[in-house]
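> Here is a sequence with its predicted model. Questions after.
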Amino acid sequence: MLEQAVRLYLEEAYGESPVPPAVCARLHWPAGDSVAEVAAGEVFERAPAAAAPQECERIRLRLGNRVYPHMKLGLDRIPDSEQWVLTVDTHDRQLEAVAQEGERASLAALLRANNEMKTRIERRWGEAGLPTFEQYVRGRLAARTNTEPRP
């Protein structure tokens, strides 16, 4: 699942452009059958940072894109479960707080482009049948709708 998610991410993030060597170096991780086994690799950022991989709530892999190197592929654990969902962490909102007046238009364009890329990547994951946060929420809403009493 993770290898397919990374491939689809990179196709959207880089298109025909070469994937930077620093990103290629992050594409090597331990073999494993579970997210926790794979996430034991040093290339993954885990939250909480001090937690063992099997106890993490979030895992991130910095893959960037053509114009912004800090965007990340994310895995978020569904609370009280062993289920994980894919997400794209644009990792760009903190820039709003430090942007100078003359930088605001360029920053707005970057935020918009990153959000559009996030949408395209997550849509491709969904089309490929990979678990996304959006699909999880939609499933929960559908289940709730089906169990609510009818008037």
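That came through, no problem. Numbering: from 1, shown residues only.
> wait, what's in contact with the nearest residue to Glu11 once chain neighbours are set aside?
Distances taken as Cβ to Cβ, 6 or more residues apart in numbering put Arg124 closest to Glu11, at 7.7 Å, once the chain neighbours are dropped. For every residue, glycine as well, the C-beta is placed using N, CA and C. Counting by Cβ atoms under 8 Å, 6 or more residues apart in numbering, Arg124 touches Leu8, Glu11, Glu12.
> Closest to Glu37 out of those residues?
Glu37 lies nearest to Leu8 out of these, by Cβ to Cβ, at 21.7 Å.
> Tell me who's in contact with that closest one.
Neighbours of Leu8 in contact, by Cβ under 8 Å, 6+ apart: Ile121, Arg124, Trp125, Ala128, Leu130.
> From Val85, how far off is Leu141?
From Leu141 over to Val85 the distance is 15 Å, taken as Cβ to Cβ, to the nearest Å.
> Please apply the same query to Leu2.
From Leu2 across to Val85, the span is 12 Å (Cβ to Cβ).
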